[in-house]
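Participant: structural data only, the sequence is not supplied:
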């Protein structure tokens, strides 16, 4: 058994050091940085939400503030899941390059579904600084995919990242 780690912040470098998979090492760096960046983003969004609703009180305002924390967790937890699962696997069962590589691929798949979900959630028209803006017209090789994502109802765009998160779980179950 190799040295242990303590918590999430110790698991990321531990998994990086213990893995022999280059794909996983790349994912550990990118996924860890992106999870940190998204954590900062959601923290700033919460601060802005509190600042704009500071003079309001009531259950709905408190609920909206807690939704930021909840959605932040829902988005970042699947980013960290492959790293945490690999760290746990190495601590308990040893090195398995196939497992590490498969979870890195599943984590990369989650990143793609997160991006696709963001595209699908873009409204047809939105206002920025008082100007009405429309989403860009799809062009190029990805135009059919973008058109299909635009056709998806905005209220169902969360299903795409959910598929990516479930994919991480299924890969973990398959390769363990």
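Facilitator: Thanks, I have it. None of the values given here were measured: they were computed from a predicted structure. Residues are numbered from 1 along each chain as shown.
Participant: where do the strands of the chain begin and end?
Facilitator: 125-128, 131-134 (DSSP state E).
Participant: check the offset of the last one from the chain's centre.
Facilitator: Remark: strand 131-134 is offset 28 Å from the chain centroid, using Cα atoms, centre = their mean, to the nearest Å.
Participant: and it, what other elements does it pack with?
Facilitator: Applying 3 or more Cβ pairs under 8 Å, 6 or more residues apart in numbering; DSSP states H and E, one finds that strand 131-134 contacts strand 125-128. Placement of C-beta: from N, CA and C, glycine included.
Participant: the strand it packs on pairs with which strands, and in what direction?
Facilitator: If you go by DSSP bridges, strand 125-128 pairs up with strand 131-134 (antiparallel).
Participant: could you pull up the mean pLDDT of the partner strand?
Facilitator: Averaging pLDDT along strand 131-134 gives 88.
Participant: hmm, who's touching that strand?
Facilitator: Taking contacts as Cβ atoms under 8 Å, 6 or more residues apart in numbering, the residues outside strand 131-134 that touch it are 124, 125, 126, 127.
Participant: mind redoing it with 6 Å?
Facilitator: Strand 131-134 is contacted by residues 125, 126 when judged by Cβ atoms under 6 Å, 6 or more residues apart in numbering.
Participant: show me what counts as buried in that strand.
Facilitator: Judged by neighbour count (16 or more other Cβ atoms under 10 Å), strand 131-134 contains no buried residues.
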